[in-house]
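1. sequence and computational prediction follow.
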Amino acid sequence: MIPGRLIIGCPACRTRFLVDEQALGGREGRTVRCANCGHTWRQTAPPELDTDDNPAPSGGARTEPALDLPPRPGTIAAPRPENPLRVGFIREPPRRRRSRWAAVRWLALIVLFALAVLAGIVVARGAVTAIWPPAARFFSLAGLPVEPPATDLKVEKLAPARTADGLVIEGDIFNPEQSTRTVPPLRVTLRDAADKEVQYKIFDPPAPQLAPGGVVHFKLPFGHPAGAATGVVVTFATR
């Protein structure tokens, strides 16, 4: 507490004000007005200043005029000062308001995180579709078609073989076009006797690009194949 200063609070909005103790006028007190909400109330000085030897100064901060009181016998009533008690105030926002803003900030963070995840899915929709092909339909409905597989490249001389660890799939990729083509990831699919897909894996391409008429060989280990698998199909995954 600053000597000679007093902190008073508005009964309506709880805003606190730092005022000069002597400006409150002793036991009679003064009618003061809140600079924040306009509420008025009667405020008296603390007991230690409750004497007539502490007259209210004529300068300082503004208050509302005091109520008219009859002067005591043998004395002359002095006019109350009308300067605002706006020496300074300490604003204390209600806790409920702080909690509301905290909830708004958390909601904004959650929305931003969701948008970032959605943007990542949209950018990598080719990889998502390669892992879960039905996703291509949802992207198309949203106006975000997925780039089709590189059908101009051909997979040739496919030769799967069983090993102690599973399968090894070998083959060649041929570029019949007259321009260099980017080689997409390979999708190795295992099918059962009814030609239904039972398992698949995505592999990195054996080379990033393939020159016109070029051929590149691949050898892909497929560990722990499904027991129902009877056939192998190698295609290009969407990008």
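-> Looks like it came in fine. Residues are numbered from 1 along each chain as shown.

2. my guess is residue 173 contacts residue 158. True?
-> No - the pair residue 173 / residue 158 is not scored as a contact, 10.6 Å apart, by C-beta atoms under 8 Å. No exception for glycine: its C-beta is placed from N, CA and C like everyone else's.

3. between these two, who's got more neighbours?
-> residue 173 (24 against 14; other C-beta atoms under 10 Å).

4. and the more buried one, what is it in contact with?
-> Contacts here follow C-beta atoms under 8 Å, 6 or more residues apart in numbering; on that basis residue 173 touches 153-156, 183, 205-207, 210, 215-218.

5. shouldn't it be within a strand?
-> Yes - secondary structure of residue 173 (DSSP: H, G, I helix; E, B strand; the rest coil): part of a strand.

6. and it, what pLDDT?
-> Looking at residue 173, its pLDDT is 94.

7. what about it, distance to residue 190?
-> Noted for residue 173: a distance of 20 Å to residue 190, by C-beta to C-beta, to the nearest Å.

8. can you turn the buried part of the contacts of residue 173 into a ChimeraX selection?
-> In ChimeraX syntax, the buried subset of these is picked out as below (16 or more other C-beta atoms under 10 Å):
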select :153,183,205,206,210,216,218
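
9. can you flag which of the contacts of residue 173 belong to strands?
-> 154, 155, 156, 210, 215, 216, 217, 218 (DSSP state E).

10. ok, for the second one, nearest residue in space, not its chain neighbours?
-> Of all residues not flanking residue 155 in the chain, residue 234 sits nearest, at 5.0 Å (C-beta to C-beta, 6 or more residues apart in numbering).

11. quick check: mean pLDDT of the strand or helix carrying that neighbour?
-> In the assignment (DSSP states H and E), residue 234 maps to strand 231-236. Throughout strand 231-236, pLDDT has a mean value of 91.

12. can you name every helix or strand that that strand contacts?
-> Here strand 231-236 touches strand 154-163, strand 166-174, strand 186-191, going by 3 or more C-beta pairs under 8 Å, 6 or more residues apart in numbering; DSSP states H and E.

13. one more time with 10 Å
-> Using 3 or more C-beta pairs under 10 Å, 6 or more residues apart in numbering; DSSP states H and E as the contact test, the elements touching strand 231-236 are strand 154-163, strand 166-174, strand 186-191, strand 197-203, strand 215-223.
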